[in-house]
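[1] the amino acid sequence is not available; the structure is as follows:
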């Protein structure tokens, strides 16, 4: 399936540094809105949402707890790429890319899964409420402007379980 990623993902698809160096293709500032805190701190990339009717293509940042490693490498978390149908209340996962400590992102991998009903009460439900319903949880937490900022906000919330 052809998944038209947003311009900020051009490097992952072969656009490389040349495309990103162009002022016309400069990356827009991030607006990462905190949607859920549980096993991960989940942030919705509000500036990266592409709408077709009431269906949204987006990415969601999952920040991991402090000290998370895979093998010998430390990770901040990763980006989940999603398609959410607001009317049907379904979600299709369309890929994932890791974010290593320091911010280096891995390539997008994984096949699109079939759309499934969004179970109530989890991170997917919270993301859907933010996207589809304009829900604004954690109103005391300003949107993060970078992945590093989201990590600094999210990790203490995961560790303490405290409401910000």
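    On my side now, so go ahead. Quantities reported herein were computed from a predicted structural model and do not represent experimental measurements.

[2] mind listing the helices in this protein by residue range?
    Along the chain, counting by DSSP state H, helices occupy 16-21, 123-133, 147-160.

[3] separation between the residue nearest to residue 119 when sequence neighbours are not counted and residue 69?
    In space, and not counting its chain neighbours, residue 119 is closest to residue 125: 6.6 Å by Cβ to Cβ, 6 or more residues apart in numbering. The C-beta positions use only the backbone N, C-alpha and C, and glycine is treated the same way. To residue 69, residue 125 is 29 Å away according to Cβ to Cβ, to the nearest Å.

[4] likewise residue 110?
    21 Å.

[5] show me the contacts for the most centrally placed residue in the chain.
    Geometric centre of the chain, nearest residue: residue 60, 1.6 Å, by Cα atoms, centre = their mean. Counting by Cβ atoms under 8 Å, 6 or more residues apart in numbering, residue 60 touches 35, 42, 43, 44, 45, 79, 80, 82, 123, 127.

[6] more neighbours: residue 125 and residue 69, which one.
    Remark: of residue 125 and residue 69, residue 125 carries more neighbours, 16 against 10, as counted by other Cβ atoms under 10 Å.
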